[in-house]
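**Q** Here you go, sequence then predicted model.
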Protein chains: 2
Amino acid sequence: MNGQDKDKRDQKMVNKENYLAHISLDCVLFGFHENQLKVLLLKMKHNQQWALAGGFVKQQEPIEEAASRILKERTGINNIFLQQFYVFSNPDRSELHLNTDQLTSISDSNFAEDWFRQRFISIGFYALVEFSQVTPTPDPLSEACTWWDLEEIGSLMMDHNQILLKALETLRMQLNHQPIGYNLLPDKFTIPELQRLYEAILGKKLDRRNFQRKIMAYNILRKLDERRSGVAHKAPDLYSFDLEKYHQALQDGLRGGW
Amino acid sequence: MNGQDKDKRDQKMVNKENYLAHISLDCVLFGFHENQLKVLLLKMKHNQQWALAGGFVKQQEPIEEAASRILKERTGINNIFLQQFYVFSNPDRSELHLNTDQLTSISDSNFAEDWFRQRFISIGFYALVEFSQVTPTPDPLSEACTWWDLEEIGSLMMDHNQILLKALETLRMQLNHQPIGYNLLPDKFTIPELQRLYEAILGKKLDRRNFQRKIMAYNILRKLDERRSGVAHKAPDLYSFDLEKYHQALQDGLRGGW
DNA sequence: GCAAAAGTGTTGGCAATACACCCATGC
DNA sequence: GCATGGGTGTATTGCCAACACTTTTGC
């Protein structure tokens, strides 16, 4: 083995030299498709459970960059919008779900044996991405990586259900302070589509007519000279976000509740 | 030295055996006194700079418990209300302010030499306490521990100004969702006192009369059969929080902005 | 009596809601 | 034509901000 090959293998190893001990990241990646809020999940090889996209922090790397790197690997997309939202530190959070057999099966691959025996404090991120841009890609520990409908998600690995719940809660709270619509929808969209997104996030129906007036009152949308074609019923107008006004408005938060 | 003494010394040592590597906590402890929002700061021995109350996480300890332990040591108070709010992970955040001389002076005391050379990712907590209950107490690395008026705080150690700013921002955002008034004021207080607190947090004046009606409309206060005595002008009524109704109301968030 | 602060009342405007009505498209 | 969903208008309600007025205390 020459030096270059060894470097390459070391790069792939998850161990103390490359990553900070005790710290992990878990990313709740949201997408929006067919009026459903989706979350990207991975099926773990060692116990067949589904889990959030996760990873570790390199020795000299801000955590936001680590999250960005992890999400790039799972989706193929650079610079995904993300926000840290909570730290999960219960000492039992990992031990509950890792026994010796599972660790052995993990260490078959490129991973240092003792790495996963540590206690991990996990920093939770939520991330938003335009659904259609994503190419779901498993990591070395997982055999599948796919989108799940929010409502169809069952029991996840470790405390990932709790992390998901907290992410959703945070998303709701920040709906008027973060560019959530912008990051989940394609460039062009209709107001009813935006409304479905809001309804999916909030988990409740909104009045169609009041939603239109309220959104338009914010003055953050630009009406395009196009309509959604090939659709049943009246063709709805297409809009884009007016980015400057949008970010301006988010500074103080969009006023009013939903 | 017998075994017990050695155990005791080891307990005091800050090193890898006792604490998780790479992870630190910084606590922004708020108090309220004489119509001013106060923050508890420590003056560090090694560089004479002022800093937030900080510490590390024991091997088997939830971070909330670690923060609670740290605050108990600085104030003498158990179970202080606290909330984690952000993780600060810039790789340069510590290196900028620690040189070899400083590290040498630190290692004179009970601290392992190499501990402070690590990169630390710091979890920020804000905490709220009734001012008069606190007995400020320095830690082994500091020579003073006192309250500071929010406006009079100058340049702090490392990135602690940034941490403080983010804490204040979070406090403002959560004013309608966390029991902030309850944890900063004594059991009995007047509505004008509560208003001064709100004004200090928000950094702006509020209308006296509208504040009264709005607070009372929440139905979270109980009027007592007492008044503030020995004070100039008309004696204001004393109130207490109706804890049950208060927490009930905070579930959905108190409606409306300030 | 006077100044200053606490408590209560009144009003106008604006924003959120709950509707009614018209338009466009697929079948 | 009719069902369905998109777009616009309107009326009522309720909240919020801006005021006036009264009460109480120290000096």
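**A** Received it, and whenever you're ready, just let me know what you need.

**Q** Alongside DNA strand D, which residues does chain A contribute?
**A** Applying the criterion Cβ under 7 Å from any atom of the strand, the portion of chain A that neighbours DNA strand D consists of A:190-192, A:208-210, A:212-213, A:227, A:232-234, A:236-237. C-beta coordinates here come from the backbone N, C-alpha and C atoms, glycine included.

**Q** go again using 10 Å as the cut-off
**A** Contact residues of chain A with respect to DNA strand D, defined by Cβ under 10 Å from any atom of the strand, are listed as A:190-196, A:207-213, A:216, A:223, A:227-228, A:231-239, A:255-257.

**Q** Tell me the buried residues within those residues.
**A** Restricting the residues of chain A next to DNA strand D to buried positions leaves A:T190, A:I191, A:E193, A:L194, A:Q195, A:R196, A:F211, A:L238, A:Y239, with burial counted as 16 or more other Cβ atoms under 10 Å in any protein chain shown.

**Q** could those go into CSV alongside secondary structure and distance to DNA strand C?
**A** Formatted as CSV, the entries for these read as follows, by DSSP: H, G, I helix; E, B strand; the rest coil; distance: Cβ to the nearest atom of the strand, whole Å:
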residue, secondary structure, distance to DNA strand C
A:T190, coil, 13
A:I191, helix, 14
A:E193, helix, 16
A:L194, helix, 16
A:Q195, helix, 13
A:R196, helix, 17
A:F211, helix, 9
A:L238, strand, 13
A:Y239, strand, 17
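
**Q** before we move on, back to that, if we check chain B, which of the residues of chain A next to DNA strand D are in contact?
**A** On the criterion Cβ under 8 Å from any Cβ of the partner chain, A:R255, A:G257 are the entries of those that sit beside chain B.

**Q** Could you report the neighbour count for A:L224?
**A** The number of residues packed around A:L224, counting by other Cβ atoms under 10 Å in any protein chain shown, is 13.

**Q** Report the spatially nearest residue to it, omitting neighbours in sequence.
**A** Excluding the flanking residues, the one nearest A:L224 by Cβ to Cβ, 6 or more residues apart in numbering or on different chains is A:L238, at 4.5 Å.

**Q** ok, so of the buried ones among the residues of chain A next to DNA strand D, who is nearest chain B?
**A** If you rank those by distance to chain B using Cβ to the nearest Cβ, A:F211 comes first, at 19.4 Å.

**Q** Excluding chain neighbours, give the residue nearest to the residue most central in space within chain A in space.
**A** In chain A, the C-alpha closest to the average C-alpha coordinate belongs to A:L29, at a distance of 1.2 Å (Cα atoms, centre = their mean). Residue nearest to A:L29 in three dimensions, not counting chain neighbours: A:L40, with 4.2 Å by Cβ to Cβ, 6+ apart.

**Q** pLDDT at the residue in the stretch 1-150 of chain A positioned nearest to DNA strand D, what is it?
**A** Shortest the stretch 1-150 of chain A-to-DNA strand D distance, computed as Cβ to the nearest atom of the strand: residue-wise this is A:N35, at 10.0 Å. The pLDDT attached to A:N35 in the predicted structure is 92.

**Q** now it: how far from chain B?
**A** The span separating A:N35 from chain B equals 26 Å under the rule Cβ to the nearest Cβ, to the nearest Å.

**Q** Now do that residue: how many residues are near it, please.
**A** Counted with other Cβ under 10 Å, A:N35 comes out at 12.

**Q** correct me, but it touches A:Y198?
**A** No. Taking Cβ atoms under 8 Å as the contact criterion, A:N35 and A:Y198 are not neighbours in contact, 11.2 Å apart.

**Q** can you give me the angle the strand ranked longest in chain A makes with strand B:19-33?
**A** With DSSP state E setting the assignment, residue counts place strand A:19-33 as the longest strand in chain A. Compare the direction of strand A:19-33 with that of strand B:19-33 by axes from the mean of the first three to the mean of the last three Cα atoms, to 10 degrees and you get 70 degrees.

**Q** any chance you could map the strands in the stretch 51-200 of chain A?
**A** Listed in chain order, the strands found in the stretch 51-200 of chain A under DSSP state E, counting those that start in this stretch are A:81-88, A:121-128, A:142-149.

**Q** Quick check, A:L40 in contact with A:C145.
**A** Yes. The criterion here is Cβ under 8 Å, and A:L40 meets it with A:C145 at 6.8 Å.

**Q** Spit out the residues that contact these two alike.
**A** Common neighbours of A:L40 and A:C145, counting by Cβ atoms under 8 Å, 6 or more residues apart in numbering or on different chains, are A:A53, A:R74, A:P136.

**Q** which one of those residues sits closest to A:F116?
**A** Taking Cβ to Cβ as the measure, A:A53 is the one of the shared contacts of A:L40 and A:C145 closest to A:F116, at 16.8 Å.

**Q** what's the neighbour count on the closest one?
**A** Other residues within reach of A:A53 by the criterion other Cβ under 10 Å amount to 27.

**Q** quick one on the thing from earlier: quickly note the distance from the closest residue to the residue of the stretch 1-150 of chain A closest to DNA strand D other than its chain neighbours to A:Q59.
**A** Taking Cβ to Cβ, 6+ apart, and ignoring the residues beside it in sequence, A:N35 has A:R196 as its nearest neighbour in space, at 4.4 Å. A:R196 sits 43 Å away from A:Q59 when distances are taken as Cβ to Cβ, to the nearest Å.
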